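>>> Dropping the sequence and predicted coords here.
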Amino acid sequence: MMRRWHALALTAAAMLLASAAAADSPVAEAGAADSAPLDGARCPSPGAPECPAYERYENHKYGFSVDVPTFFTRKPGDADGRGQPFEFGSRARLRAWAMFDNPPMTVRQLYGDWTRRDGITFKTLAANTWVVRGREGTRLYYTRSILADGLITTVEVSYDKDLAEAFEPILARTGASLMTLPGEGIRAARPAH
């Protein structure tokens, strides 16, 4: 049976929560070694989806950061500096971005908007953070968003279904690592909510 894991941060400050769909499934922790597999064995091919290594992407203009697997290739960023896409060939895409909460909405209103998407298989909301997972056409997707300082910060991964098992610990690590950087860039000029 395919293992399912879901990662979610309760606050941007540092409370991280990972929840598994199956009680006997191990969950990768955000602080795990950068290229160690879940079972602790040596990686035959470090940096591959089965044994990922990570680099920290930081967006200093919009004040957020996230861990990105090194097998993803960085693509040209958004012209306004708010987002950065990464690709794993044609098999997976990761995008990290921030946008203004305009017009201002509550976390519950934003969560309601984000969960109107078709094909949702999992959704959860805690404090100022929400996670939404699902199917879209022939691909699966995972998003994690944080509302803070009048900005919505998001990481989204869309990937081929055959990558699902290998990507579960990657989604847990990447999702849990998304954090805002208060006082940096545009966030420095915005009042905290």
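It's in.
>>> give me the element the spatially closest residue to Ser158 that is not a sequence neighbour is part of.
Among residues not flanking Ser158 along the chain, Tyr141 sits closest, at 4.5 Å (Cβ to Cβ, 6 or more residues apart in numbering). Every residue, glycine included, has its C-beta placed from N, CA and C. Assigned by DSSP states H and E, Tyr141 falls within strand 139-148.
>>> do the same with Tyr111
Per DSSP H and E: helix 107-114 holds Tyr111.
>>> so where's this protein uncertain?
Residues of the chain meeting the criterion pLDDT under 70: 1-42, 44, 190-193.
>>> Start and end of stretch 145-154, how far apart?
Terminal residues of stretch 145-154 lie 4 Å apart, using Cα to Cα, to the nearest Å.
>>> Doesn't Ala166 belong to a helix?
Yes. Read with DSSP: H, G, I helix; E, B strand; the rest coil, Ala166 is one of the residues of a helix.
>>> picking up where we left off before, what inclination does the strand holding Tyr141 have with respect to helix 107-114?
160 degrees (axes from the mean of the first three to the mean of the last three Cα atoms, to 10 degrees).
>>> in this protein, which spans are strands?
5-9, 16-20, 54-59, 64-69, 73-74, 83-88, 92-100, 120-126, 129-136, 139-148, 151-160, 179-180 (DSSP state E).
>>> Let me have the ones you listed in a markdown table, extended by distance to Ala172 and mean neighbour count.
As requested, the strands of the chain are exported to a markdown table (distance: least, Cβ to Cβ, whole Å; neighbours: other Cβ atoms under 10 Å):
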| stretch | distance to Ala172 | mean neighbour count |
| --- | --- | --- |
| strand 5-9 | 4 | 23 |
| strand 16-20 | 5 | 16 |
| strand 54-59 | 12 | 17 |
| strand 64-69 | 11 | 23 |
| strand 73-74 | 22 | 12 |
| strand 83-88 | 17 | 18 |
| strand 92-100 | 14 | 20 |
| strand 120-126 | 13 | 15 |
| strand 129-136 | 11 | 20 |
| strand 139-148 | 10 | 22 |
| strand 151-160 | 11 | 21 |
| strand 179-180 | 15 | 21 |
